[in-house]
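>>> return atomic coordinates for the entry below.
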Amino acid sequence: MYYPYDFEESEENVSEPVSVSDDDVDVYQDELFANHFYHTPSHSISSKNEDEEEEDDVIDQSRIFNYAEVKVFLDEVICPICCQIIVNPRVCKECDQSFCGRCIEKWFQNSNQQCPCCRKSKISHSNAYQNLGIMEGKVPKVLLKLLSKLLLTCRYSQDGCEEIITYDFREKHENNYCQYQQLDCPNQGCEEIMFRKDLEDHYLECQYGSVQCKYCSEDKLRMEIESHLYECPCRPILCEWCQEKQQAIEFNEHLELCEFKDIFCQYCKKKYKRYDMKIHTPIFCLNNLYENSLELLQQKDERIFELQKQIEYLKSSKLMEQSDLNQSTYEVLSEKYKQDFEEDVEEVIEEDIQIEESDQELEQQLDKANQNQLSQENYENLDKRFLKEGKQAVVEIQPFKNESMSTRDDQLNNLWYCSDVEINQMIDFFNI
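Numbering: from 1, shown residues only. All right, here's what the predicted structure looks like:
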């Protein structure tokens, strides 16, 4: 892209050197300074050190884009000190040689008291800066026109800038417009360095940037604005009664006056809106209280009646269930008792049988004990008696024996197989 400056050019101006007054040079220098200072945006601060600033004042010949067109007069625009394109030209009054303004200043700072070309100096003072008076010559207008014909690549072309600019527009472009110039973030506290093309996006998101509160219009850091919005005294708060938004600083006062807020009546123990409390006088409140009490009593009576019905129903259902339960329980218990009774009867019968058997055994043991207790003498007497009576009894029962042996009566037959003790018992029984 080209940014040419139009100059009115005539053959006379080209063939003859044009004299430029000191005022014109001063105006030109003032314009360069003004363009550099006043046209720089307030938020664009270059991150250059002193070495980089020195390089900014040097235009290398390799940056000439239209070299083929300007090579015929290239020597006229080259500084004899730095051998680069002249920047901010200064002209010697003696030899009309042009130099870079910065180059000639450094030349005199090194105590060189003469012009590097003509070696002349009209000032004998030791102050080196006073020798700059020799460089107060008029800058030829032809030199300015030759410089304006140069087309240069941007100093930041290695960073990506593809602009082709004229010599006159070089400073404006590189210092104010080039999107690949590296700049510091202007926000205090932020240390980010970025291209100019990224500065706007960064500026909108930088946490150190200043943001205006939408409630109180105060400037806050972007990193603090979120917490400030929750604490801002001018933030809106929604009233739950009237559904209107009020500022936080006035919200408590609003609650004391809100017409839609519920107010508790100490007489009827109910809540009413504030606007209703104006007509809710004590007399009106007592009338409402009386009517409400009657209504409540009626509701309680109805409730009591319903509860009584429920109680009666529950009682009847409970009795029926209890009777059914008793009947079923009785049947189960009777069957169980019957079984238990039968088992008990059987146990009693068995116990009686066992007792009878034990009694018989005891009687037998007693009989045997009684018999054993007879003295030997009695036994001998009894023995003699039994022998005597036995013989007599044998004689007496012999006919019966014969008859019984011949009879078929089982009882009589069995009698002969009885023991002596049994027979004696039988005899004693019959004697009685």
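>>> kindly export the helix or strand hosting Asp201 (C-alpha atoms) in CSV.
If you go by DSSP states H and E, Asp201 is part of helix 196-205. C-alpha atoms of helix 196-205 as CSV (Å, rounded to 0.1, in the frame of the first residue of the first chain):
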residue,chain,number,x,y,z
ARG,A,196,-0.8,-3.4,18.1
LYS,A,197,-3.3,-5.6,16.3
ASP,A,198,-3.9,-7.6,19.5
LEU,A,199,-3.9,-4.6,21.9
GLU,A,200,-7.6,-3.8,21.5
ASP,A,201,-8.7,-7.3,22.3
HIS,A,202,-6.3,-7.5,25.2
TYR,A,203,-7.5,-4.1,26.4
LEU,A,204,-11.1,-5.3,26.5
GLU,A,205,-10.1,-8.4,28.6
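>>> state the mean pLDDT of the next helix or strand after that helix.
Downstream of helix 196-205, the next assigned helix or strand under DSSP H and E is strand 210-212. Mean pLDDT, strand 210-212: 91.
>>> so what secondary structure elements neighbour strand 210-212?
Packing contacts for strand 210-212, counted by 3 or more Cβ pairs under 8 Å, 6 or more residues apart in numbering; DSSP states H and E, involve strand 219-221, helix 222-231. The way it works is simple: take the backbone N, C-alpha and C, and place the C-beta from them, glycine included.
>>> among these, which is the most enclosed?
Highest mean neighbour count of these: strand 219-221, a mean of 15 (counted as mean count of other Cβ atoms under 10 Å).
>>> re earlier: TSV for the helices and strands packed on strand 210-212, including distance to His254 and mean pLDDT?
What follows is the helices and strands packed on strand 210-212, written out as TSV (distance: least, Cβ to Cβ, whole Å; pLDDT from 0 to 100):
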stretch	distance to His254	mean pLDDT
strand 219-221	26	91
helix 222-231	19	91
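>>> need the ones you listed in JSON lines (columns: distance to Gln114).
Supplementary listing: the helices and strands packed on strand 210-212 in JSON lines, determined by distance: least, Cβ to Cβ, whole Å:
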{"stretch": "strand 219-221", "distance to Gln114": "58"}
{"stretch": "helix 222-231", "distance to Gln114": "59"}
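>>> show me what contacts Cys161?
Cys161 makes contact with 154, 178-180, according to Cβ atoms under 8 Å, 6 or more residues apart in numbering.
>>> buried subset of those, written for PyMOL?
Per 16 or more other Cβ atoms under 10 Å, the buried members of the contacts of Cys161 correspond to this PyMOL selection:
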select buried, resi 154+178+180
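>>> which of the contacts of Cys161 sits closest to Lys271?
Among those, Gln179 lies closest to Lys271 (Cβ to Cβ), at 67.2 Å.
>>> ok, back up a step: now the angle from the helix holding Asp201 to helix 222-231?
Per axes from the mean of the first three to the mean of the last three Cα atoms, to 10 degrees, the angle that helix 196-205 makes with helix 222-231 is 20 degrees.
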